[in-house]
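> Here you go, sequence then predicted model.
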Amino acid sequence: MKLVTFESGNGQRLGALMGADSVLDLELAAAQSGRPQSAFSSMLALIEGGARAWDGARALIARSDGGAVKPLSGVRLLAPLPRPTRLRDCSLFLEHMEKALTRLAHTVAQSEPDPDGAYKALMASGKYSLKPIFKQQVIYYNADHMSVSGTGEDITWPSYSDWIDYELEWACVIGPPGRDIKREDASKHIFGYTIFNDWSARDVQLPVMEAMLGPGEGKDFPGGYGLGPCIVTPDEIGDPYDLVMTARINGEEWSRGSTSSMYHKFEDAIAQFSREKSLYAGEVIGSGTVLSGCGFELGRRLAIGDVVELEIENIGVMRNRIVRN
């Protein structure tokens, strides 16, 4: 299933994509079939509904009653899960971390009288080398699950920032809840996958991270966490660790990578995050950025008015324009 949340004049609706140009209103389809279900009232309700609700959704899709099918051109897609139960962003792609640290050392060194000498000294200090703990466990930060944006939505850049950046990521959505989940059982707890854009105000983020407490306001602004355009269930994704990831800015390709380059997998995160505590339906776990998956790595910056498209094979394209109030 490729599941979406959409708006068509009567509030938020749960839908399933039917090909490239139509969407099935699942709640309406269930009502028309004579078997309405509260599980089809929202994406979170469906996820929490469990296997029975998911099978019911598949049955409705298979019948695809024409009266509940709407043209995509007549609706507005929202973030598929507008308010996740919880949102974490991880460092699962370690190559990006290594490249970003090197780029950060270059950036810091530029303010010194001898930039080349300063860069060598910074790298020799070890401060800008990947710490062993990144390989030993999943490193993450808690993101604001109230600041989610969807495809087609304008991203209003905060007035206090002029360094605009995207991050090409993807995410898994937790389905069946659990506690002390074994690594070999972790995939059973994945409801689906989606694209994730961890928007970053670099001129705010970089100084704040010197405090060693995370990115702070550099990622904490309305709409700063993009999810979309849909959530794809595992049965339709193929091998999740062999998907092409692409970022285009105003139609020009800036980034290309693959989910195959993940050092840690989502299953590693699930096992770690459920250790002696519970994971709940509707939690979102972000992957972190793929190698070359942001302007910072590439030495390039976005500008107001730019259109950013993130595409992941078998999921789709998430498209956003950057604006200023």
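Sure, I can see it.
> Was I right to think Gln272 contacts Gln136?
No: in this structure, Gln272 is not within contact of Gln136 by Cβ atoms under 8 Å, at 10.7 Å. All C-beta spots, glycine's among them, are computed from the backbone N, C-alpha and C.
> Out of the two, name the residue with the larger neighbour count.
Neighbours per residue, other Cβ atoms under 10 Å: of Gln272 and Gln136, the larger number sits with Gln272, 16 against 8.
> now the more buried one, nearest residue through space, not along the chain?
Nearest non-adjacent residue to Gln272, counting by Cβ to Cβ, 6 or more residues apart in numbering: Val138, 5.1 Å away.
> Could you do Thr107 as well?
That would be Leu206: by Cβ to Cβ, 6+ apart, it lies 7.3 Å from Thr107.
> Local confidence estimate at the residue nearest the centre of the chain?
Centroid-nearest residue in the chain, with Cα atoms, centre = their mean: Phe196, separated by 1.8 Å. We have a pLDDT of 98 for Phe196.
> Check which helix or strand it maps to.
strand 190-198 (DSSP states H and E).
> what's next to the helix or strand following that strand, contact-wise?
The helix or strand immediately downstream of strand 190-198 is strand 200-201, counting by DSSP H and E. Identification of contacts with strand 200-201 by Cβ atoms under 8 Å, 6 or more residues apart in numbering yields 157-158, 160-161, 163-167, 215, 217-219, 221, 294, 296.
> Following element in sequence after strand 200-201, please.
Trace forward from strand 200-201 with DSSP H and E and the next one is helix 202-209.
> who does the following helix or strand past that following helix pair up with?
Next helix or strand after helix 202-209 toward the C-terminus (DSSP H and E): strand 225-232. Neighbouring strands of strand 225-232 in its sheet, by DSSP bridges, are strand 2-7 (antiparallel), strand 148-149 (parallel), strand 190-198 (antiparallel).
> Low-confidence ranges, the protein, go.
Along the chain, the model assigns pLDDT under 70 to residues 65, 211-213.
> Sketch out the helices for the stretch 51-200 of the chain, chain order is fine.
For the stretch 51-200 of the chain, applying DSSP state H, counting those that start in this stretch gives helices covering 94-109, 115-125, 133-136.
> Thank you, goodbye.
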